[in-house]
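sequence and predicted structure, then a few things I'm wondering about:
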Amino acid sequence: MRTQVAIVGGGPSGLLLGQLLHRAGIDTVVLERRSRDYVLSRVRAGVLETGLVDLMHEAGVGERMDREGFIHDGTLIANGDEQFRIDFHRLTGRHVMVYGQTEVTRDLYEARDAAGALTLHDCRGVKPHDLDTAAPFVTFLRDGAVHRLDCDFVAGCDGYHGPCRQEIPTEVRREYEKTYPFGWLGVLSETPPVSDELIYANSARGFALCSMRNATLSRYYIQCDLSDSPDDWTDDMFWEELKRRIPAEAAERLETGPSIEKSIAPLRSFVCEPMRWGRLFLCGDAAHIVPPTGAKGLNTAASDVHYLSNALKRFYHDRDDEGLERYSETALARIWKTERFSWWFSSLMHRYPDQSAFDLRIQQAELAFLRDNEAAQKAMAESYVGLPY
Ligand code: FAD
Ligand code: PHB
């Protein structure tokens, strides 16, 4: 088989890249390790920056999102029983869109099918070769046979655990990592959201987040120990703990119900440099991870896809490889700012096991500063709605 761009990974990065390239007349094949049902069953991000919303339109898949997504002009920050609002619209003139990653992925799969572009699921042992030559290829095992896909470029959109990043030689690759001493226990429930806007809550018992997917589907998270397992938490225990961490008036309004998904995600900050080696280009979680506070994971993947799709269009349409040459540098400049924001917002909102009395006072002072200072709110809002591409 031959294609122009071999895309490893059929998550949001790989699918969005595939769709943008397809619309520009560039041929791609997506190789995905899992089944489509498995990919679509993963409950992950829920908040889209306007940059990603624009890319969905550019990819020709914005219609359902426009119809079913919810525009949020602000968010609530709670500290114990106190609460204040960050007004994105007033501070930045912009907003975010609540529309689940599963819906984004579903729309992109449907568009890819409609375009007749090839997606191969259940590919095992995917391995890129000859990335430092002009004729790279990818081998993989599928239906009991070894296949070879020749290409001009390989896009590593294979997530944090994928194989592509490992192809960058260790003497070239530099990895920066920070782990956090807690995780997030997340629950999805078929109940109306407790609030029209998200509530990020700092409480003496730890962080909590009230989010949503639509008018009848809520997503809630609480900070938990890394050693916890979802089975340790019955639904009743989860709801009780959530109520104790959000302001009393929200707790009274909270509608509870059976969980339809319950999982724990560890929190991590991670960046791999460079994001390009020879003819390999990394996008999304394959190259970087942020803690979910501030909802930047999927959005940062989208900004990579923006830079890479434009660079590839320049290469194929104008025979100009400057965008490809500068891809890593350009993408990383934005990523590090987003890493900073996610780290800062995580530090502001969680209780740390080793937090001293001094640390706690500083955290409280920072929350009060954010509540009272318009410049601080503007800085927060600009990062939350998304830095410019
Ligand atoms: P992925 O979504 O990881 O997609 C990579 C794809 O590559 C997968 O489909 C995978 O099966 C495939 N793959 C892996 N290995 C191979 C291989 N060897 N061969 C072929 N294919 C392969 N972000 C937020 O903003 N908010 C959240 O609430 C949030 N919650 C999250 C919860 C969890 C548990 C995780 C893991 C992430 C969460 N994120 C969240 C982050 C967000 O979901 C990711 O940033 C986003 O999915 C990145 O998209 P991606 O396509 O780069 O990677
Ligand atoms: C979500 O809805 O899953 C979500 C929203 C905001 C975040 C993280 C996750 O910061």
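Cool, the structure landed. Ligands and ions are numbered 1, 2, ... in the order given.

tell me, how many residues neighbour the closest residue to ligand 1 within the stretch 151-300 of the chain?
Using CB to the nearest ligand atom, the single residue of the stretch 151-300 of the chain nearest to ligand 1 is residue 284, 2.2 Å away. Any C-beta I mention is one placed from the backbone N, CA and C, and that applies to glycine too. Counted with other CB atoms under 10 Å, the neighbours of residue 284 add up to 29.

return the residues in contact with it.
9, 11-13, 157, 159, 300-301, 304-305 (CB atoms under 8 Å, 6 or more residues apart in numbering).

for these, work out which two are farthest apart.
9 and 300 (15.2 Å; CB to CB).

which of the contacts of residue 284 fall in helices?
12-13, 300-301, 304-305 (DSSP state H).

the stretch 51-200 of the chain against ligand 2: which residues are in contact?
For the stretch 51-200 of the chain, the contact set with ligand 2 under CB under 6 Å from any ligand atom comprises residue 198.

nearest residue to residue 230 other than its sequence neighbours?
Ranked by CB to CB, 6 or more residues apart in numbering and with sequence neighbours excluded, the top spatial neighbour of residue 230 is residue 262, at 4.6 Å.

quick one: check the helix or strand hosting that neighbour for contact with ligand 2.
In the assignment (DSSP states H and E), residue 262 maps to strand 259-273. No - judged by CB under 6 Å from any ligand atom, strand 259-273 and ligand 2 are separated, with a smallest distance of 9.4 Å.

so which elements touch the helix or strand harbouring residue 110?
Using DSSP H and E, residue 110 falls within helix 101-114. Packing contacts for helix 101-114, counted by 3 or more CB pairs under 8 Å, 6 or more residues apart in numbering; DSSP states H and E, involve helix 12-23, helix 36-41, helix 50-58, helix 63-68, strand 118-120.

who in this structure is up against ligand 1?
8-14, 31-34, 39, 44-45, 101, 123, 126, 157-159, 161-163, 265, 284-285, 292, 295-298, 301.

which among those count as buried?
Among those, those classed as buried by 16 or more other CB atoms under 10 Å are 8-14, 31-34, 39, 44-45, 101, 123, 126, 157-159, 162-163, 284-285, 292, 295-298, 301.

just to be sure, which of the residues you listed are found in strands?
8, 31, 126 (DSSP state E).

closest one to ligand 2 out of those, please.
residue 8 (25.4 Å).

which residues touch that closest one?
Residues in contact with residue 8 (CB under 8 Å, 6+ apart) are 14, 31, 126, 128, 138, 154-158, 162-164.

which one of those sits closest to residue 107?
The closest of these, once distances to residue 107 are taken by CB to CB, is residue 14, at 14.2 Å.

could you measure from residue 300 over to ligand 2?
Residue 300 is 13 Å from ligand 2, where distance means CB to the nearest ligand atom, to the nearest Å.

that residue contacts residue 338, correct?
Yes - contact criterion CB atoms under 8 Å: residue 300 and residue 338 qualify, at 5.1 Å.

higher neighbour count, those two?
residue 300 (29 against 22).

ok, how many other residues are close to residue 365?
The burial count for residue 365: 10, using other CB under 10 Å.

please enumerate the helices of the stretch 151-300 of the chain.
235-245, 248-253, 297-318 (DSSP state H, counting those that start in this stretch).

tell me the mean pLDDT for stretch 365-378?
Taken as a whole, stretch 365-378 has a mean pLDDT of 98.

any idea what residue 70 is bridged to?
residue 98 (DSSP bridges).

OK, contacts around it?
Counting by CB under 8 Å, 6+ apart, residue 70 has contacts 97-99, 212, 214.

residue 6 against residue 21, yeah?
No - the pair residue 6 and residue 21 does not pass the contact test of CB under 8 Å, sitting 11.4 Å apart.

show me the contacts for residue 211.
Here residue 211 is in contact with 46-47, 98, 193, 198, 218-221 (CB under 8 Å, 6+ apart).

coming back round to it: now render the contacts of residue 8 as TSV, adding pLDDT and distance to residue 273.
Formatted as TSV, the contacts of residue 8 follow (pLDDT from 0 to 100; distance: CB to CB, whole Å):
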residue	pLDDT	distance to residue 273
14	98	21
31	98	25
126	98	23
128	98	19
138	98	23
154	98	18
155	99	17
156	98	14
157	98	18
158	98	18
162	98	17
163	98	18
164	98	15
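
what's the separation between residue 247 and ligand 2?
18 Å.

what does residue 345 give?
8 Å.

I'd assumed residue 293 was in contact with that residue.
Yes - using CB under 8 Å as the test, residue 345 is close enough to residue 293 to be in contact (4.6 Å).

need the overlap of contacts for those two.
With CB under 8 Å, 6+ apart, residue 345 and residue 293 have common neighbours residue 200.
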